[in-house]
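Participant: dropping a prediction and its sequence here:
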Amino acid sequence: MLGATGTIGQATVRALVARGHEVVCFVRPRAGVGGQLQAADMARLFSGAVVRVGDVQDPVSLARDGFQGERFDALVSCLASRTGVPKDAWAIDHQAHVHALGIARQAGVSQVVLLSAICVQKPLLAFQQAKLAFEQVLIESGLTYSIVRPTAFFKSLSGQIRPSWHASVATTPPNPCWCSTPPPSFMTRRPHRPPAARRCLIFMPTW
C-alpha cells in the first residue's frame, strides 16, 4: 500500500484490514500533513497492518525496505504529490509509480488499484499530466488494473466531505455501472473482482 497516510489512504488501509487482507504500508519516515507523523505514530494509526519505512522516490529503498524480497498479490496506491508543482508531480505521480510498478511486477503482483483524479480528463496542469502519463503506463503493463478517478474534494472544506462520500461510480469503457459506495471502500473491493478489471472508475457526487 502506497500513500497510506493521506485521507483516502488511511480509510483504504482500514477497509483492507477489515476485509481480512494482509496489508503492508510503505511510508516516509515523517509523513502526514507537515511531516507530523513518525514511525511510532503510524504503527498505532494502522492497527492490523504492517508499517515499513523508506523513500518511495528511491527504487532501491522501495525494493529493500518496502517489498523486502517477499511476494505480493496486489499493489494499491493512493500516493500523490504534496504540492502538485511540476517537479514534485513528475517525481511522485509519475516516476515513483513507474518504479513501484516495475518492482511490484518482480514481486509477483498481478493486480494494481490506482487512485487518480477525475481532472486528468482535461490535463492542463503538471500533476494532471503526470497522473495521466502513469495511467497509460499501467494500462500498457499487461497487469490487471483498476484506476479510480474520484471528483475533487478537499478536507479543509468539511461540508463537502460527507456529501461526496455518497457517490455514484461509473466505469468506462465500455459498460457503465453505478453504485453508492465511499471511494476507499470501493477501492478495497477491486482485487479479485473481474467486472471492474482493466477499467477507469469515475466517482460522481450526487449533490
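Facilitator: Cool, the structure landed. Numbering: from 1, shown residues only.

Participant: strands of the chain, residue ranges please.
Facilitator: 24-27, 50-53, 74-77, 111-115, 144-150, 167-172, 199-205 (DSSP state E).

Participant: now those as CSV including mean neighbour count, distance to Met1 and mean pLDDT?
Facilitator: Backbone N, C-alpha and C define where each C-beta goes, glycine included. Output for the strands of the chain, formatted as CSV (neighbours: other Cβ atoms under 10 Å; distance: least, Cβ to Cβ, whole Å; pLDDT from 0 to 100):
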stretch, mean neighbour count, distance to Met1, mean pLDDT
strand 24-27, 23, 5, 95
strand 50-53, 18, 10, 94
strand 74-77, 24, 5, 97
strand 111-115, 24, 10, 95
strand 144-150, 23, 14, 90
strand 167-172, 18, 21, 43
strand 199-205, 19, 18, 64
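
Participant: separation between Ile103 and Val51?
Facilitator: Per Cβ to Cβ, to the nearest Å, Ile103 is found 18 Å from Val51.

Participant: got it, and Ser116?
Facilitator: 24 Å.

Participant: tell me which strands and helices the longest helix anywhere in the chain is in contact with?
Facilitator: Using DSSP state H, we find that the single longest helix of the chain is helix 126-139. With contacts defined as 3 or more Cβ pairs under 8 Å, 6 or more residues apart in numbering; DSSP states H and E, the packing partners of helix 126-139 are helix 86-89, helix 97-106, strand 111-115, strand 144-150.

Participant: next, the angle from the longest one to helix 126-139.
Facilitator: Pointing back at helix 97-106 there. 20 degrees (axes from the mean of the first three to the mean of the last three Cα atoms, to 10 degrees).

Participant: who touches stretch 30-40?
Facilitator: Residues external to stretch 30-40 that are found in contact with it (Cβ atoms under 8 Å, 6 or more residues apart in numbering): 5, 27-29, 41-42, 45, 51, 53.

Participant: closest to Leu124 out of the strands of the chain?
Facilitator: Leu124 lies closest, by Cβ to Cβ, to one member of the strands of the chain: strand 144-150, at 15.7 Å.

Participant: now do the closest one: distance to the chain's middle.
Facilitator: 9 Å (Cα atoms, centre = their mean, to the nearest Å).

Participant: so which elements touch that strand?
Facilitator: Against strand 144-150 (3+ Cβ pairs under 8 Å, 6+ apart) you get strand 111-115, helix 126-139, helix 183-188, strand 199-205.

Participant: any low-confidence regions in this protein?
Facilitator: 32-34, 152-197, 199, 202-207 (pLDDT under 70).

Participant: one more time with 90, if that's ok
Facilitator: Filtered on pLDDT under 90, the chain yields the residue ranges 5-8, 28-45, 82-84, 118, 149-207.

Participant: the contacts of stretch 30-40: which two are farthest apart?
Facilitator: Pro29 and Leu45, at 14.5 Å, using Cβ to Cβ across those.
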